[in-house]
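> Task: produce atomic coordinates for the following.
(2 chains)
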Amino acid sequence: MENKGIADIFTEIADILDIQGENPFRVRSYRNAARTIADMSQSVQALVKAGEKLEEVPGIGKSLQEKIEEIVSTGKCGFLEELRGKVPPGLTELLKLEGLGPKKVKLLYDELGVDSMDRLEKAAQAGRLRDLAGMGLKTEEKVLKSIEKYRAGMGRFKLSVGYTYSRALLEYLKDTPGVKRLDPAGSFRRQKETIGDLDILAICGKGCKVMDRFTKYGDVAEVISKGETKSSVRLKCGLQVDVRVLEEESYGAALHYFTGSKAHNIAIRDRAKDLGLKVSEYGVFRAKDEKRLSGANEEDVFKAVGLPFIPPELREDWGEIQAAEKGRLPKLIELADICGDLQMHTVATDGKNSIADMARKAKEMGYSYIAITDHSKAVRVARGLDEKGMVKQLKEIEKVNGQTPGVRILKGVEVDILADGSLDLKDDILKECDVVIASVHSRFNMEEEEMTRRIIQALKNPNVNILGHPTGRLILEREAYKVNLKEVFQAAIDQGVVLEINAYPDRLDLRDVDARMAKEMGAKLVISTDAHSTLQLELMKFGVFTARRGWVEAKNVINTLPLQGLLKVLR
DNA sequence: GCCGTTTTCGGCCCGACTGTTTTCAGTCG
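Numbers count the residues shown, from 1 in each chain, chains lettered A, B, ... in the order given. Purely as a prediction, here's the structure:
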């Protein structure tokens, strides 16, 4: 079973226990474990089968370890089966509705026999919710709205989508008289690959009408709540946006708090407690007499708990607090470290611009090199190049090279890894290239072993420099193919092949956690945009964000090297 | 259910908003 499957089992257990009114901390243990497992780069199943103890993973103790072993060996969890016998199957789904939690779901079931989304809808339409204790007309309306929204399937949004909406909204809010400062927080500030909502923090002068202006924003579909310090709206695209107004003296504490992650915050507060402090979004206080110690700056919050500043991208409780404590935080890579881009496509296949256009744009961006890497023939939809087309393409690159002084255009190709692990172009043409990226674009549904063998076979070709988008996933659209990344990474290290972090916002592949594992194993990385137009060369930042979330430093990434150093690495 | 260089028991982050109440429980982040 995949990590996701194990995580889903624990989430369902948590949901049922929650509805049953179990100890909330017990419920949280299951939820924490589900999240931890879903976020892990390595396959839990493989770890267990290799006899490794998961009890060392924070949040997984004896009981959960046993359940994981049971799930891995039998594919089932006896405890969950038992719980399912006690609660109708449709109940946990109701928890997904906005505004409905375990207490209300239980009440609805006990009093009205509501055990599914459809029955809840009928009960609400029949006006039977309003007579229940603690519910009224508004609850009824809200439930109906929530069902509608749930069915419309509004979920998470790609980070790049968040960028578009946040930029426009911040521009709009900035013009409100009295607004002194605005900052996005939340998963957006942590540069997570997807965001669930957008959090914006503000400092305002007296009488500032920022909430009025916010809730009247033209793109607002619905005002969810409106208060003096907190308001929420849903935009027409479905994205929820929260604005919070804060005092200057507590702004740093709030920025820290609302940046999260939740797990990071809990760990920080826990640490504060041990030091006799209390950390809230309003500041750092001495526990015994509530005396304010700091809060205006984020740095001071960390300082108060004895830590250096931790960059937002690292705040996931993935070991950053322990690393900070020991002074071992990584010196994260920055966009300015990038010297060139090693994957892009041109009009020769499915790109929109010419080689010369790409080179000019690269110069504008301050790069000293690019690699032109059009598709090989197996990618029919892109009109991929065969050997003959490649000869022509390489000549064209040579011709254009030198026309943009300061930017060296490297000869490259993104060659397909065929089903048997062989490459889509003959070795004598690959030999002519400076950069050969090998990628999988077909037959995604292989079994893990076969896919792992296929990719490793390709890496053994001495002409291959880079493994392109190593997992093939498309965010929110297509799962990664099944592959043992640890084995692939080791093969890449052995063969001197560089692993790509594809910066294209739909891919971000390797993922953050995978990039971290690769780095820790000692692999070399490259961050490339996979641009299909000049404009898309600017997507590099999303790859850098992903690398940062994976604890990656400039020295781990080959396209931070100047041209000569890069050529040496490429051999 | 997890966790521990003050603890193997007794803790476990904390505050805003809503809707229903008339002081608060539930939900959310």
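> list the helices and strands the strand or helix carrying residue A:224 packs on?
Residue A:224 belongs to strand A:220-226 when assigned by DSSP states H and E. For strand A:220-226, the contact count by 3 or more Cβ pairs under 8 Å, 6 or more residues apart in numbering; DSSP states H and E identifies helix A:210-215, strand A:230-235 as packing neighbours. Heads up, the C-betas are built off the backbone N, CA and C, glycines and all.
> Ok, which of these comes nearest residue A:143?
Closest to residue A:143 of those is strand A:230-235 (Cβ to Cβ; 16.4 Å).
> what does the next helix or strand after the closest one rub up against?
Tracing the chain past strand A:230-235, the next element assigned as helix or strand by DSSP H and E is strand A:240-246. By Cβ atoms under 8 Å, 6 or more residues apart in numbering, the list of residues contacting strand A:240-246 from outside reads A:165, A:169, A:173, A:196-204, A:208, A:210-211, A:214, A:224, A:228-235, A:254, A:258, A:281.
> Would you mind trimming the residues you listed to those in range of DNA strand B?
Applying Cβ under 7 Å from any atom of the strand to these, one finds that A:196-197, A:199, A:228-230, A:258, A:281 fall near DNA strand B.
> For the strand holding residue A:224, output the C-alpha coordinates as PDB.
Extracted in PDB, the C-alpha atoms of strand A:220-226 (Å, rounded to 0.1, in the frame of the first residue of the first chain):
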ATOM      1  CA  VAL A 220     -15.500  38.500  -4.400                       C
ATOM      2  CA  ALA A 221     -18.300  35.900  -4.800                       C
ATOM      3  CA  GLU A 222     -19.300  35.600  -1.200                       C
ATOM      4  CA  VAL A 223     -18.500  37.300   2.100                       C
ATOM      5  CA  ILE A 224     -18.000  34.400   4.600                       C
ATOM      6  CA  SER A 225     -17.400  36.500   7.700                       C
ATOM      7  CA  LYS A 226     -16.600  40.100   8.500                       C
END
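> ok, back up a step: now distance to residue A:60 and mean neighbour count too, for the helices and strands packed on strand A:220-226, in CSV please.
Shown next, in CSV, are those (distance: least, Cβ to Cβ, whole Å; neighbours: other Cβ atoms under 10 Å):
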stretch, distance to residue A:60, mean neighbour count
helix A:210-215, 42, 18
strand A:230-235, 34, 19
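> Please name whichever of those is nearest to residue A:117.
Nearest to residue A:117, of all the helices and strands packed on strand A:220-226, is strand A:230-235, at 20.2 Å by Cβ to Cβ.
> How far away from the center of its chain is stretch A:356-366?
Averaging C-alpha coordinates over stretch A:356-366 and over its chain gives two centres that are 29 Å apart (Cα atoms, centre = their mean, to the nearest Å).
> How about that stretch, which residues are buried there?
Using 16 or more other Cβ atoms under 10 Å as the test for burial, stretch A:356-366 gives A:356-362, A:365.
> And these, which is closest to residue A:345?
Of all these, the one with the least separation from residue A:345 (Cβ to Cβ) is residue A:358, at 9.0 Å.
> tell me the secondary structure for that closest one?
In the three-state summary, residue A:358 is assigned as helix, counting by DSSP: H, G, I helix; E, B strand; the rest coil.
> Which strands or helices does the helix-or-strand element of chain A with minimal mean pLDDT pack on?
Every helix and strand of chain A was ranked by mean pLDDT, DSSP states H and E. The lowest is helix A:137-152, at a mean of 86. Using 3+ Cβ pairs under 8 Å, 6+ apart as the contact criterion, the elements in contact with helix A:137-152 are helix A:117-125.
> Now do the helix it packs on: everything it contacts.
Applying Cβ under 8 Å, 6+ apart, the set of residues contacting helix A:117-125 is A:90, A:93-94, A:108, A:112-114, A:129, A:140, A:143-144, A:147, A:150.
> at 7 Å instead, please
Defining contact as Cβ atoms under 7 Å, 6 or more residues apart in numbering, one finds that helix A:117-125 is touched by A:90, A:93-94, A:108, A:112, A:114, A:129, A:140, A:143-144, A:147.
> middle-most residue in chain A, spatially?
In chain A, the residue lying closest to the centroid (Cα atoms, centre = their mean) is residue A:193, at 2.8 Å.
> who are the neighbours in contact with that one?
Neighbour list for residue A:193: A:159, A:475, A:508, A:546 [criterion: Cβ under 7 Å, 6+ apart].
> what does residue A:214 give?
Residues in contact with residue A:214, defined by Cβ under 7 Å, 6+ apart, are A:173, A:231, A:243.
> secondary structure element for residue A:461?
Taking DSSP H and E as the definition, residue A:461 sits outside all helices and strands.
> List phi and psi for residue A:293.
Reported as degrees, to the nearest 10, the phi and psi values for residue A:293 are phi -110, psi -40.
> Ramachandran coordinates for the closest residue to it other than its chain neighbours?
With Cβ to Cβ, 6 or more residues apart in numbering as the criterion, residue A:293 has its nearest non-adjacent residue at 4.7 Å, and that residue is residue A:284. The phi and psi values for residue A:284, taken as degrees, to the nearest 10, are phi -110, psi 130.
> From the rest of the structure, what touches stretch A:204-211?
Outside of stretch A:204-211, the residues that reach it under the criterion Cβ under 7 Å, 6+ apart are A:173, A:176-180, A:202, A:226, A:231, A:243, A:245.
> Tell me how far residue A:411 lies from residue A:257.
51 Å (Cβ to Cβ, to the nearest Å).
> Compare these two (neighbour count), which wins?
Set residue A:411 next to residue A:257 and count neighbours by other Cβ atoms under 10 Å: residue A:257 wins out with 24 against 20.
> Hmm, residue A:268 and the more buried one touching each other?
No. Taking contacts as Cβ atoms under 7 Å, residue A:257 lies outside contact range of residue A:268: 9.1 Å.
> Get me the contact residues on the stretch 201-350 of chain A for DNA strand B.
Going by Cβ under 7 Å from any atom of the strand, the residues of the stretch 201-350 of chain A near DNA strand B are A:225-230, A:240, A:242, A:258, A:262, A:265-266, A:269-270, A:273-274, A:278-282.
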